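1. I'd like to go over a predicted model; first the sequence, then the structure.
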Amino acid sequence: MASANPSDRSEAAFTYIGKSRHREDGPAKLVGAGGYVADLDPAGSWYAHLVLSPHPHARIRGVDTRAAAAVAGVKAVYLGDALPEADLLAESEVFYAGEPVAVVVADDPAVAEDAAELVEVDYDVLPAVVDAEAAMRPDAPLVRQLEDTAGRADAGAHGDAAGGSAKTEERPNNVSAVVKYRRGDAEAARAEADVSVTRRYHLPPLYQGFLETHGSSAHAERTGETTIWTTTQGQFMVRNAVKRLLKLPDYRVRVVGATVGGGFGGKGVLLEPLVATLSQRLGRPVAMLLDRQQDILVNNPGPAADIEVTLSARSDGTLVAIEARLVFDNGAERGGSAGIACLMLAGTYRCPNLDVLGYDVMTHKVPIGAYRAPGAPQGYFALESAMDELAGTLHMDPLQLRLKNAVQEGDDRPDGRTWPRIGLLECLRAAAAHPFFEEPLGPNEGIGVAAGGWGGGLEPAAAACQVTSEGRLVVQVGSIDITGTNTTFALIAAEELGLSPDEVHVQFADTAHAPYAGMAGGSKTTYTVGLAVAEAAKAVRKQVLEIAAERLEAAVEDLDMADGAVHVKGVPGRSVTLAEIARDTARFGGRTAPLIAEGRSAVTKSAPGFAVHAARVAVDPDTGEVRVTGYLAVQDVGRALNPKEVEGQILGGVAQGIGRALYEDLAYDSTGQPVSTSFLDYQMPTFHDVPRVDIVLVEVPAEQGPYGAKGVGEPPAIPGAAAVANAVAAATGRRVATLPITPERVLAAQ
Amino acid sequence: MTLAAFAYQRPRSLAEAVEAMAEAPDARWLSGGMSLLPMMKLELAAPPALLDLSGVEDLRGIRDEGDFLHIGAMTRHVELARDPAVRRDAHLASLAAERIGDPQVRNRGTVGGSLAHADPAADLPAALLALDAEVEAVSARGRRALSVQDLLLGPMMTALEPDELIVAIRIPKHTGHRQAYTKVPHPASGYAVVGVAVAIHEEGGRVRQAAIAVTGVALKAFRAARAEAVLAGQAVDQEVLAEAAGLVCDGQDVLGDVYASAAYRRQLAQVVTRRTLEGLR
Ligand SMILES: Cc1cc2nc3c(=O)[nH]c(=O)nc-3n(C[C@H](O)[C@H](O)[C@H](O)COP(=O)(O)OP(=O)(O)OC[C@H]3O[C@@H](n4cnc5c(N)ncnc54)[C@H](O)[C@@H]3O)c2cc1C
């Protein structure tokens, strides 16, 4: 009997699980038949364009919309106070450069864009709080009233973020959350330790850099029925936001998740409430697509962080104290990345004494959101750079130092929980055994290693399976496929049913038709929806077997399913095909009830996933240029359901890690103006920048995930920056503690 | 990101082009469109009319004119990079053209457009400056020649009148001279953070003439006169090269930006110059 529980089956027993399969959505994407939101153009649609504030902080004295409204084709111009439910336009004050202040709707997108230029906003420019550290000073002006902030795309939607303890009375100025992990007496332990290393690290904000910018369109019927087509990672999340803001019952809002051209955490809820509101007001479908510059300005990027870490150890490498102070710059809304960063920074290594303090701080910058593993790359860049420095100080192999201190099952987490079965040690061992470290180094080359981990998200989920009249299986889900999850679902259903994955079609359905699934984020889609798919397929299998038992005059226990047919065990030839059974479920006069079932999951235990990366870099000693010449990525994936896809996730994560390490910087000038608002300035890594990546999949099964699988999306995006920084340090003897590691910083480093 | 409306014309001859410009004085010439169209998309330019030069036969082709190569203004970067005569007699121009953007940009972008656009980080201006090239310009008032040195005034600024167009570049032959172009591209835009173009003419083991031109470093491409002077007449060794390289930004107001500060850029220019010179030995 097929089971999604790992302990029931050994690998050899799988027919489809663990065998690589091409992504189902690949061919359509290759030929440009993707069904992206920009390709959908609802009949009779009008188009909206935003007017953005050029000032990081200003009061809106007045707005003259007459010239814009007078343009032929313009249907409406709205200011923020007229559209409070849109939750996007400023009302009387702007809090970041790029904040939308008005929206122009026209019958042609170019007309809307041109007319938006004519909206004249009279600003009373106010002093801006740009630096997070400065924002915390007692004399710093308030960025805005904390109560006025809801927190846009919530980074917490992604992770198993434990809050730590947050005491409001200790909050410095402009701090929306304080996270604190204390254990033992860190200061005393440091005083007695044999060695300590201290350094302050800085990471800039990052743009997720998806190919497809944000876009949404909506059609509100006069009855209130509202349909929204949008590029989002979570259609139910959009529905819930829109129904709340527009005060509609949830079933009245139908969200159709379009094909997503990249999300990485950045595609949550953004334009949807606005287009829905506009459509409601105007009685027309309204569409909006951000251009790249607007996308960079309005989209919720990953936060900047300033992290000071002190590690103290005995001379044998035993960690005795971790002290850290983390400041996350969340822009002009409350944010929630410091929690995850503090938890991982304090919880990856066994350490009796902790003093870790994190702040989520508001400034006059665009509100941050989630970017692949929110908070973790920041925390681990600091922690793993510091571990490397500690290893250097101790003259110890950096992998051995980590092996000596790594947490394992049963160890305390700083949040009072204990670690479940995790694969950190296994990853470190697999890395240490890899020939990657034996290849000879060229001149000015060095290797750096770093670990990273992700708690893994949870959310209830459901899925449905139905056998078609031809005996194929249709799996219905409401989760957005950004990473190849639908292909994995096909493998899961195929495995459960003994049916070739070629005969399984995974159908995505909108919020009005699909069973519930959470946002595709936090590395939880396969982990949670995958289980629901397995449950649904299992239930269908049961139905099939019961019918077959009757037909074959055999007991259910004596039946088995393989290759799309039910066989009596040990009696070759006594079988009935799924197609034969199915035919009777969908014909006039048929006597067999349709084969259809739902599966549900509410996983209670998250499955943290760890990864260990090693980067080899060559540094030009005269120019400071860094080239990544080799890369090893080891990751505990629980079980690789579709290994090729898992490797694809890792490859992408490695590229993003290299981008974070060497190139990407959503820079602001000292007045709060964003200065890298196009791809002419914002550097994404390209194929040229990513070397061949050796990938090792470690399989330490999760207790509850399907077949032991863990979420694999986030972990590979975490250790890269530290691995590269450590490699640069190995090659040059200089430690760059500020990202990105530009050639200039390499030369300037000590 | 949507272009504003504009009129479009594609004249069939030089005379027609000049006439069309006289009739629509606010019009802009359109060659490869690789710089002009992005500017229009970003609304940095909104010309009411474009005069597309791609139909003007007189602007095409590469000709041998004895001591000079005549290169039509509409010559695409890819042609400049590959043309055997250019590779033989003005190799530096090919080497720089090869390093421009990506294949699409090289297939569309033109020599005339690049010079007229005068981006301070563009590749060709440095190479053509080092090669002592000359520009031929035409307007309703007639034809004139000016050196690339005189053409380039500053960032996106040239000595061309608004109605004037470049019809050709004339490059004195540098057959047998050692030439090299080294570029450190900005990782995002691909334009030069530093680009160094070098042409060295040696006779009997001594430098007779050295030309070093630099792009990406100042408000316009420039000749490194002090560095050139150090090399002139010398039998070149490591020490001389290093001395020359150290002077490459002499007298220049070096640019700094988010990616590279002025100090770093100066150092980078020195390193790149030294390496380029060493590479020629
Ligand atoms: C993605 C990308 C990457 C690039 N990378 C580089 C790079 O690495 N290095 C580099 O040097 N360049 C680069 N470029 C610019 C490229 O070289 C352009 O081709 C060049 O700058 C302009 O040439 P064009 O023929 O496209 O001119 P256009 O865009 O057609 O015109 C540019 C300007 O020159 C004027 N003009 C055009 N032709 C004439 C003429 N004959 N006489 C007078 N005025 C004229 C136009 O009116 C306009 O003002 C890049 C461009 C792109 C899009």
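-> It's in.
2. Would you mind measuring the gap between the ends of stretch A:201-219?
-> Start to finish, the residues bounding stretch A:201-219 are 47 Å apart (Cα to Cα, to the nearest Å).
3. quick one: buried residues of that stretch?
-> For stretch A:201-219, the neighbour count (16 or more other Cβ atoms under 10 Å in any protein chain shown) marks A:201-210, A:212-219 as buried. The C-beta positions use only the backbone N, C-alpha and C, and glycine is treated the same way.
4. cool, and stretch A:125-143?
-> Buried-residue list, stretch A:125-143, by 16+ other Cβ under 10 Å: A:126, A:128-132, A:135-136, A:140, A:143.
5. So which bits of stretch B:160-180 are buried?
-> Quick answer for stretch B:160-180 (16+ other Cβ under 10 Å): B:160, B:163-171, B:173-174, B:177-180.
6. wait, stretch A:537-546
-> Across stretch A:537-546, burial judged by 16+ other Cβ under 10 Å covers A:537-541, A:543-545.
7. how about the residues you listed, which pair is most distant?
-> A:A537 and A:L545 (12.4 Å; Cβ to Cβ).
8. Distance check, A:I482 against A:F236.
-> Distance of A:I482 to A:F236, given as Cβ to Cβ, to the nearest Å: 15 Å.
9. Could you identify the longest helix within the chain?
-> Defaulting to chain A. As assigned by DSSP state H, the longest helix anywhere in chain A is helix A:530-552.
10. that answer is for a different chain, and I need it for chain B
-> Max-length helix for chain B by DSSP H is helix B:262-279.
11. circling back: avg pLDDT for the longest helix of chain A?
-> Averaging pLDDT along helix A:530-552 yields 97.
12. Past that helix, which element shows up next along the chain?
-> strand A:559-562 (DSSP states H and E).
13. Please name every helix or strand in contact with that following strand.
-> The contact analysis (3 or more Cβ pairs under 8 Å, 6 or more residues apart in numbering or on different chains; DSSP states H and E) places strand A:559-562 against helix A:530-552, strand A:565-568.
14. which residues touch that strand?
-> Strand A:559-562 is contacted from outside by A:15, A:497-499, A:541, A:544-545, A:548-549, A:552, A:566-569, A:578, using Cβ atoms under 8 Å, 6 or more residues apart in numbering or on different chains.
15. Now, of those, which are buried?
-> Looks like those have A:15, A:497-499, A:541, A:544-545, A:548-549, A:552, A:566-568, A:578 buried, using 16+ other Cβ under 10 Å.
16. Turn those into CSV, including distance to B:I71.
-> Listed next are the buried ones among the contacts of strand A:559-562 as CSV, based on distance: Cβ to Cβ, whole Å:
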residue, distance to B:I71
A:T15, 66
A:L497, 69
A:G498, 70
A:L499, 66
A:R541, 74
A:V544, 75
A:L545, 79
A:A548, 80
A:A549, 84
A:L552, 83
A:V566, 77
A:H567, 77
A:V568, 83
A:L578, 71
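17. List the contacts of the residue nearest to A:R472 when sequence neighbours are not counted.
-> Spatial nearest neighbour of A:R472, chain neighbours left out: A:E503 (4.7 Å); criterion: Cβ to Cβ, 6 or more residues apart in numbering or on different chains. The neighbours of A:E503, taking Cβ under 8 Å, 6+ apart as the test, are A:471-473, A:494, A:564.
18. Can you list the residue ranges for strands in chain B?
-> B:7-9, B:28-30, B:49-52, B:62-65, B:68-72, B:134-139, B:142-147, B:152-154, B:157-158, B:165-172, B:178-185, B:192-203, B:206-215, B:222-223 (DSSP state E).
19. Enumerate every residue touching A:E714.
-> Counting by Cβ under 8 Å, 6+ apart, A:E714 has contacts A:158-159, A:372-373, A:376, A:454, A:456, A:522-523, A:609, A:653.
20. just B:A168 next, same as before
-> By Cβ under 8 Å, 6+ apart, the neighbours of B:A168 are B:59, B:70-73, B:112, B:135-136.
21. next one: A:T592
-> Per Cβ under 8 Å, 6+ apart, neighbours of A:T592: A:547, A:581, A:584-585.
22. I'd like those residues laid out as a markdown table, including neighbour count, distance to the ligand and secondary structure.
-> Below are those laid out as a markdown table (neighbours: other Cβ atoms under 10 Å in any protein chain shown; distance: Cβ to the nearest ligand atom, whole Å; DSSP: H, G, I helix; E, B strand; the rest coil):
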| residue | neighbour count | distance to the ligand | secondary structure |
| --- | --- | --- | --- |
| A:I547 | 22 | 62 | helix |
| A:I581 | 20 | 58 | helix |
| A:D584 | 16 | 61 | helix |
| A:T585 | 20 | 57 | helix |
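23. what about B:A93, how many neighbours?
-> 32 (other Cβ atoms under 10 Å in any protein chain shown).
24. Give me the nearest residue to it, chain neighbours excluded.
-> B:A127 (5.1 Å).
25. Okay, B:D52 and chain A: tell me how far apart.
-> Distance, B:D52 to chain A, using Cβ to the nearest Cβ, to the nearest Å: 21 Å.
26. near the ligand too, which of the buried ones among the contacts of strand A:559-562?
-> Among the buried ones among the contacts of strand A:559-562, no residue lies close to the ligand (Cβ under 6 Å from any ligand atom).
27. quick one, what contacts the residue nearest to A:V361 when sequence neighbours are not counted?
-> Among residues not flanking A:V361 along the chain, A:A132 sits closest, at 4.2 Å (Cβ to Cβ, 6+ apart). A:A132 sits next to A:304, A:306, A:327-329, A:359, A:361, A:363 when contact means Cβ under 8 Å, 6+ apart.
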